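J.: Okay, here's the prediction I keep looking at, along with the sequence it came from:
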Amino acid sequence: MTARPDSTRTAVVDDTHEWRRMSECPPHRKCVLRNAGGMPVIGTYDGRDPQWTGWVPLPVVPDWMMGESK
């Protein structure tokens, strides 16, 4: 992972990951959706809603995080 601050220094970005096209988003599965305002939201895509402009899968939970208590 290549995490770094973005140009505004208000977020961290990873140059090795990009938003995917909505035509590739599996409907009715939880993922990270990007709305027209650029805000990422965890949710599901119904295959029709035009407010979403991109998506990425959720990250996997690494072994070191499994079994962590809250």
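T.: Here it is on my side, so go on.
J.: list the contacts for the closest residue to Arg29 other than its chain neighbours?
T.: Spatial nearest neighbour of Arg29, excluding adjacent residues (C-beta to C-beta, 6 or more residues apart in numbering): Thr44 at 6.3 Å. Heads up, the C-betas are built off the backbone N, CA and C, glycines and all. The contact partners of Thr44, taken as C-beta atoms under 8 Å, 6 or more residues apart in numbering, are 27-31.
J.: Over to Pro27?
T.: 44-47.
J.: for Trp55, same thing?
T.: Trp55 neighbours (C-beta under 8 Å, 6+ apart): 19-20, 22, 24-25, 31-34, 45.
J.: Isn't Thr53 up against Pro40?
T.: No - assessed by C-beta atoms under 8 Å, Thr53 is found out of contact with Pro40, at 10.6 Å.
J.: Quick one: mean pLDDT for stretch 56-70?
T.: Averaged over stretch 56-70, pLDDT sits at 86.
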